[in-house]
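Enquirer: Attaching a predicted model along with its sequence, questions to come.
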Amino acid sequence: MGFESQDVERKVLAILGTLGDSQEAVGSTIIAKQLKDRGVELSERAVRYHLRLMDERGLTRLAGRRAGRIITELGQVELKRAMVARKVGFALSRIETLAFRTNIDLDKRTGFIPANVSLFPKENFNKALKTMKPIFQAGLCVSDLVAVASEGEAIGDLVVPEKKMALATVCSIVVNGALLKAGVPIDAKFGGILQIRNHSPLRFVELIHYAGSSLDPTEIFIRANMTSVTRVAEDGNGEILANYREIPAICKPLAEEVEAKLKGSGLGGILLMGNVSEPVCEIPIELNRIGVVLVGGLNPVAAAAEAGIMSESHAMSTVVDYRTLVRISEI
């Protein structure tokens, strides 16, 4: 593909992205303005030219002379495929962004913390809660603090769609944020499946590195039905969602202080903190580093999936006000 073709495709994808973000038809004037906001300089005339070509390719269609264009199903597929290469490492970027947005004051118990949001069909929500509550009670999650929202209500940055109920669970990135706020650098390595034997972490049996992933590993493992969280809650044996981080060895005392404050605020996340330069759950580590295993925030949702209750999960998706959270037992 020549430079000129690459430039055309870049502009086409930029226009598709603008249309894909809109819930209604958009005209060339608005598209040109939104493209400029994204750093893409295209005149209205140039936008109209590209739109005609995109109509011929079946990527867009005219919704009316004044109404503007809408993206077609083929256009959505093209946009999704083209974005994959750009999203490599996107999971790591989201972790870093949410860690930075975490501003909880663990002494005053105020501020915003990262959350995963799972959308359930309204008719299945109570059944899902019944399945998930034992997982919260067994401590196989970051916290038993949650938020619930009905259709049309906002939960963090998300608005719940029609016929859905949303459950926000505390994301393990709260540990990243709390350590970052305390001055402890933390390196997010991967998400994985952790084998539990006799109630104790044994080894990682599957893993996906954040730096090479366009999706959150947790979502992939849940869809693939690779967990046995319910069994772990019942008899202490099985596989759960977990994440792996590393910190400098010199920071361990400070990290332990942060861990204690998190627990005092009804938050957890740290399943295991290793010793200096020693492998953790069979993961090798470099000199003067410490491995930290975090429990996955979506383990309760994974248990629901094991019971056949599917949901649409948005892991690492938003931040919520700590003061709006309630204990799962109160729902």
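Expert: Sure, I can see it.
Enquirer: by contact count, what packs against the longest helix belonging to the chain?
Expert: If you go by DSSP state H, the chain has its longest helix at helix 3-20. Secondary-structure packing of helix 3-20 (3 or more C-beta pairs under 8 Å, 6 or more residues apart in numbering; DSSP states H and E): helix 28-37, helix 44-56, strand 60-62, strand 69-71, helix 73-86. The way it works is simple: take the backbone N, C-alpha and C, and place the C-beta from them, glycine included.
Enquirer: need the contact list for Lys163.
Expert: Applying C-beta atoms under 8 Å, 6 or more residues apart in numbering to Lys163 gives the contacts Pro121, Lys122, Glu151.
Enquirer: How about Gly274?
Expert: Counting by C-beta under 8 Å, 6+ apart, Gly274 touches Val280, Ile285, Ile290, Gly291, Val292, Val293.
Enquirer: what bridges to the third one?
Expert: Which is Ile290. According to DSSP bridges, the partner residues bridging Ile290 are Ile247.
Enquirer: Could you check how far it is from Arg245?
Expert: Here Ile290 is placed at a distance of 9 Å from Arg245 (C-beta to C-beta, to the nearest Å).
Enquirer: Could you do the last one as well?
Expert: With the distance defined as C-beta to C-beta, Val293 ends up 8 Å from Arg245.
Enquirer: same deal with the second one?
Expert: Ile285 sits 11 Å away from Arg245, taking C-beta to C-beta as the criterion.
Enquirer: for the stretch 101-250 of the chain, what spans make up the helices?
Expert: Assigned by DSSP state H, counting those that start in this stretch, the helices in the stretch 101-250 of the chain fall at 125-137, 173-181, 217-223, 229-235.
Enquirer: Could you identify which of those has the lowest mean pLDDT?
Expert: Lowest mean pLDDT within the helices of the stretch 101-250 of the chain: helix 217-223, a mean of 90.
Enquirer: what's that one in contact with?
Expert: Under C-beta under 8 Å, 6+ apart, the answer for helix 217-223 is 91, 116, 190-193, 206-208, 210, 227, 241, 296-298, 301-302, 305, 313, 315.
Enquirer: just stretch 192-206 next, same as before
Expert: Outside stretch 192-206, the residues within contact range by C-beta under 8 Å, 6+ apart are 207-208, 217, 221, 226-227, 232, 236-244, 271-272, 281-283, 293.
Enquirer: list the buried ones in that stretch?
Expert: Gly192, Ile193, Leu194, Gln195, Ile196, Pro201, Phe204, Glu206 (16 or more other C-beta atoms under 10 Å).
Enquirer: and which of those residues is nearest to Asn103?
Expert: Distances from Asn103 to the buried residues of stretch 192-206, taken as C-beta to C-beta, are shortest for Gly192 (28.2 Å).
Enquirer: And that closest one, how far from Val293?
Expert: Distance from Gly192 to Val293, by C-beta to C-beta: 9 Å.
Enquirer: With only the CA atoms kept, save stretch 280-288 in PDB.
Expert: The C-alpha trace of stretch 280-288 is given here as PDB (Å, rounded to 0.1, in the frame of the first residue of the first chain):
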ATOM      1  CA  VAL A 280       5.700 -15.800  43.100                       C
ATOM      2  CA  CYS A 281       3.200 -18.500  42.000                       C
ATOM      3  CA  GLU A 282       6.000 -19.900  39.800                       C
ATOM      4  CA  ILE A 283       6.600 -16.500  38.000                       C
ATOM      5  CA  PRO A 284      10.300 -15.700  37.900                       C
ATOM      6  CA  ILE A 285      11.300 -12.200  38.900                       C
ATOM      7  CA  GLU A 286      14.300  -9.900  38.400                       C
ATOM      8  CA  LEU A 287      16.800  -8.900  41.100                       C
ATOM      9  CA  ASN A 288      15.700  -6.500  43.800                       C
END
